[in-house]
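Undergrad: Below is the sequence, then the predicted model.
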Number of protein chains: 2
Amino acid sequence: MVQASICTIGDEILIGQIVDTNSSNISAALGSIGVRTTRMLSIGDKREEIISNLAQELRLNDIVVVTGGLGPTKDDITKDALAELSGSTGYKEHPGQLEMVYRILHARGLDVLDINKAQAMVPDRCEVIVNRLGTAPVMVFRFDGDSKFGHACTLYSLPGVPFEAIGALDDIISDIKAHHTLTDIYHRTVMTFGMAESALAKLIGPWEDSLPEDMHLAYLPNPITGVRLRLSIYGGRKEEEESRITQEFAKLRPILGNIMYSDKDDNLQSCIGELLRKSGMTVSAAESCTGGMISELMTSVSGSSEYYLGSVTSYANSVKENVLGVPAEIIEAHGAVSSECVARMAEGVRKITGSDFAIATSGIAGPGGGSEDKPVGLVWIGVCSPEGTKTQKLLFKGDRKRNIERFASYALNILRIEIEDYLNK
Amino acid sequence: MVQASICTIGDEILIGQIVDTNSSNISAALGSIGVRTTRMLSIGDKREEIISNLAQELRLNDIVVVTGGLGPTKDDITKDALAELSGSTGYKEHPGQLEMVYRILHARGLDVLDINKAQAMVPDRCEVIVNRLGTAPVMVFRFDGDSKFGHACTLYSLPGVPFEAIGALDDIISDIKAHHTLTDIYHRTVMTFGMAESALAKLIGPWEDSLPEDMHLAYLPNPITGVRLRLSIYGGRKEEEESRITQEFAKLRPILGNIMYSDKDDNLQSCIGELLRKSGMTVSAAESCTGGMISELMTSVSGSSEYYLGSVTSYANSVKENVLGVPAEIIEAHGAVSSECVARMAEGVRKITGSDFAIATSGIAGPGGGSEDKPVGLVWIGVCSPEGTKTQKLLFKGDRKRNIERFASYALNILRIEIEDYLNK
């Protein structure tokens, strides 16, 4: 099976200033055509380290995908390193990329500087795939069986800017398909929410033990999307494996009930979107402690304007009262973090937006603001349907960021179940 | 200088199902005490690959930090691999971690299952640092100069759950400090927003060329936070380097003007927070195309309730009209994506929340919904101060996610400059 290594280059990654999101996008794309990623590597902007590490990856893999270090500035040296690694004797200008440099910079109303033009200069041993989203070209270096790497292999150099790297993936994938005979790899994922990994493992233990030898189950816990269950099969015929995995997952549904919210790699907000779009109903949100995250998640789904009317982030009590119409007495009597307040918030936003459903949150994300009876990590969640309002109290132990994420994702799950129950009646 | 390698273990990372955020957190912590991260590596849940890769990293580095593969479920095999790698002859139960397993699961109202108890069993060659945030212990394996790795080195095994990995970092850092004499490494960052990397490079070129030999400048572009400029010095005395870098950055201020928004590693929302806290003023937001992201960014800053009153996400025009009070005629005459509408949105949310400042967005994030005169990527941004309302039109070329991020970050920057200008009068 064709094996690949993914290498990201940049001191900013090694010192932890930015998180590498390119590698996961690249490996997902490789996996989709049955190329197995064996290693991911991040190295710094050091010429000799780039050359020695890439040489080793080329010896061990059929394909090496490199991102980063192609910027116009002095600290980016990947191109020079690749020139040496590939035994290029000089640089050549690529007219197609040069034209793109002019087009992109002019579209942004910027002058084309010499360092911009230099972006279109590439080592003479490489093929260029024009980068339409940025000034740095995608470079392809092919090495045959007689190369110093001991076997035929290919190195793809992509820009480090995630948007540009993702944009180049389709071309890379077609190029790989054109040059390799690929065996299938097959993954499928079921999404669950609301049960801890270990409890889930116990619940589905018998099912897991009954899986065929060649199926591999993985648990992928995620505080936002819940625990993913992934079945993998390497090799085999895709259609066949697909139906085999579908059969196994079918046995899971009755075991998991509404803990399972999707039988594909999905998230709560797009599931909620599908339910609402099918039923022609709408939703709105009133957020205090989640500060806009529920709204941001809901609107991250393209087409969400069909069913998502809007939200009020009522961070200050005055906004809860004046915009959402929560009576001041309620807040005085029970506090803003209370069943009564969150119920009125949900009803308030449902009223002013005219939505069918509404979700509301009020809690204490921390680090400050907690008390004995209302500690940091406490959240009240209110949900309205055409049939009325329900509230629920949850308590989490985390830092501010994690608490807010948990508050938002549990609220989405409560909304998801409320909509499912209403539509199933 | 002490060198480290960071290895994340898990098929879910290699197939691109999750993004590795642990490595950046770990390397940032290592960097803060002068430990240089030379490589980051991600490998799969394959026993022999784990053993061979970790052995190589131990040969090449003083410290190897491993995360992941410690879950209670069958697919997690890191602990077994580490037992073999370390030449452990068996497992021992760690009473402290076992107690923590009971405490954590009971706090969550969960039963303690055998697979949970098994979390407290560790290879007999390791030292345990109790994990207070999760059931998997932190394991420390020390190897002396006579070890098969050819030199004294240490392997730290951390849980893969980011929240738990971050929680373990302080203990790891103290352990490293206790066992190594460390040379300083020093990084400092200046934040800019609103100028492209290449234009910035031209603007500050003379300054960059005048930098001392031992200072390394890096450009770190980020669509949300802008271009970071980072000066690094390895070795030397921290206090001394600190003042030297401060001197160099001082020369940058007059060159960059309000393009530079912070002289520390910061983001727009916390800068806005500092400005408002100092001046005792408040802000609110009215979001259409940004869908809650501005509000979420503003409230991600702890203590933001002091100055952030709230927001309205007016995704539907009816919400723009009924909640924000944008006249229907304005939307009919100019459309929702217009200077007139976004001005009324900002004024509307300022009025209903009673804030001093307000920011509003209305645009087309895509993929659908664009037209010839109002293409995907177009956004109108409105900002209110006590002195009145201004609007600005911007156009970006990106996918939905990137457009929304750009809309939100440019809006925050416009707000930041508006507040600065008002306070500087």
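TA: Alright, I've got the coordinates. Numbers count the residues shown, from 1 in each chain, chains lettered A, B, ... in the order given.
Undergrad: residues from the stretch 301-425 of chain A in reach of chain B?
TA: A:302-305, A:308-316, A:318-319, A:322-323, A:352-354, A:365-369, A:397-402, A:404 (C-beta under 8 Å from any C-beta of the partner chain). Yep, even glycine has a C-beta here, placed from its N, CA and C like the rest.
Undergrad: Make a PyMOL selection of whichever of these turn out to be buried.
TA: Only the buried entries of these go into this PyMOL selection, using 16 or more other C-beta atoms under 10 Å in any protein chain shown:
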select buried, chain A and resi 302+304+305+308+309+310+311+312+313+314+315+316+318+319+322+323+352+353+365+366+369+397+398+399+400+402+404
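Undergrad: Which members of the residues of the stretch 301-425 of chain A next to chain B occur in strands, if any?
TA: A:308-314 (DSSP state E).
Undergrad: Export those to CSV and append columns for pLDDT and distance to residue B:118.
TA: Shown next, in CSV, are these (pLDDT from 0 to 100; distance: C-beta to C-beta, whole Å):
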residue, pLDDT, distance to residue B:118
A:308, 98, 44
A:309, 97, 49
A:310, 97, 48
A:311, 97, 44
A:312, 98, 47
A:313, 97, 44
A:314, 96, 46
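Undergrad: right, and out of the residues you listed, which lies closest to residue A:5?
TA: Closest approach to residue A:5 among these (C-beta to C-beta): residue A:308, at 41.3 Å.
Undergrad: check contacts around that closest one.
TA: A:273, A:282-284, A:295, A:298-299, B:315 (C-beta atoms under 8 Å, 6 or more residues apart in numbering or on different chains).
Undergrad: Who wins on neighbours among those?
TA: residue A:295 (33 neighbours; other C-beta atoms under 10 Å in any protein chain shown).
Undergrad: Now do that residue against residue B:287, distance only.
TA: To residue B:287, residue A:295 is 8 Å away according to C-beta to C-beta, to the nearest Å.
Undergrad: can you list residues touching both of those two?
TA: Applying C-beta under 8 Å, 6+ apart, one finds that residue A:295 and residue B:287 are jointly contacted by B:295, B:313.
Undergrad: Domain map for chain A?
TA: A:3-179, A:185-262, A:268-423 (automatic domain parsing).
Undergrad: tell me the most buried of the ones you listed?
TA: domain A:268-423 (a mean of 22; mean count of other C-beta atoms under 10 Å in any protein chain shown).
Undergrad: quick one: that one to chain centroid distance?
TA: 23 Å (C-alpha atoms, centre = their mean, to the nearest Å).
Undergrad: Quick one: end-to-end distance for it.
TA: Domain A:268-423 has its terminal residues 16 Å apart, counting by C-alpha to C-alpha, to the nearest Å.
Undergrad: Turn the domains of chain A into TSV, including distance to residue B:257.
TA: Below are those laid out as TSV (distance: least, C-beta to C-beta, whole Å):
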stretch	distance to residue B:257
domain A:3-179	18
domain A:185-262	39
domain A:268-423	31
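Undergrad: averaging pLDDT over each of those, which comes out lowest?
TA: Lowest mean pLDDT within these: domain A:185-262, at a mean of 87.
Undergrad: Could you check that domain against chain B for contacts?
TA: Yes. Using C-beta under 8 Å from any C-beta, domain A:185-262 reaches chain B at A:187, A:189, A:196-199, A:201-202, A:208, A:216-223, A:228, A:230, A:232.
Undergrad: Ok, stretch A:102-118 next?
TA: Yes. With C-beta under 8 Å from any C-beta as the criterion, chain B is reached by stretch A:102-118 at A:107-108, A:110-111, A:113, A:115-116.
Undergrad: From residue A:58, how far off is residue A:342?
TA: From residue A:342 to residue A:58 the distance is 57 Å (C-beta to C-beta).
Undergrad: Turn the ones in strands among the residues of the stretch 301-425 of chain A next to chain B into TSV, including distance to residue B:29.
TA: Formatted as TSV, these follow (distance: C-beta to C-beta, whole Å):
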residue	distance to residue B:29
A:308	39
A:309	43
A:310	40
A:311	36
A:312	39
A:313	33
A:314	37
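Undergrad: does residue A:217 count as helix, strand or coil?
TA: Assigned with DSSP: H, G, I helix; E, B strand; the rest coil, residue A:217 falls in the strand class.
Undergrad: same question, residue A:75
TA: coil.
Undergrad: need the contact list for the nearest residue to it once chain neighbours are set aside.
TA: Distances taken as C-beta to C-beta, 6 or more residues apart in numbering or on different chains put residue B:218 closest to residue A:75, at 4.8 Å, once the chain neighbours are dropped. By C-beta under 8 Å, 6+ apart, the contact list for residue B:218 reads A:11-12, A:45, A:75, B:229-230, B:232.
Undergrad: And residue A:366, by the same measure?
TA: If you count contacts by C-beta under 8 Å, 6+ apart, then residue A:366 has A:376-377, A:399-400, A:403, B:302 around it.
Undergrad: first vs last residue of stretch A:285-304, how far apart are they?
TA: First-to-last residue span, stretch A:285-304, C-alpha to C-alpha: 13 Å.
Undergrad: what helix or strand is the residue of chain A most remote from its centre on?
TA: Computed with C-alpha atoms, centre = their mean, the residue of chain A farthest from its C-alpha average is residue A:329, at 42.6 Å. According to DSSP states H and E, residue A:329 maps onto helix A:328-334.
Undergrad: go on, residue A:227?
TA: strand A:226-234.
Undergrad: Could you tell me which residues make contact with residue A:371?
TA: Residue A:371 sits in contact with no residue, where contact means C-beta under 8 Å, 6+ apart.
Undergrad: how about a cut-off of 10 Å?
TA: A:335, A:337, A:364, A:378 (C-beta atoms under 10 Å, 6 or more residues apart in numbering or on different chains).
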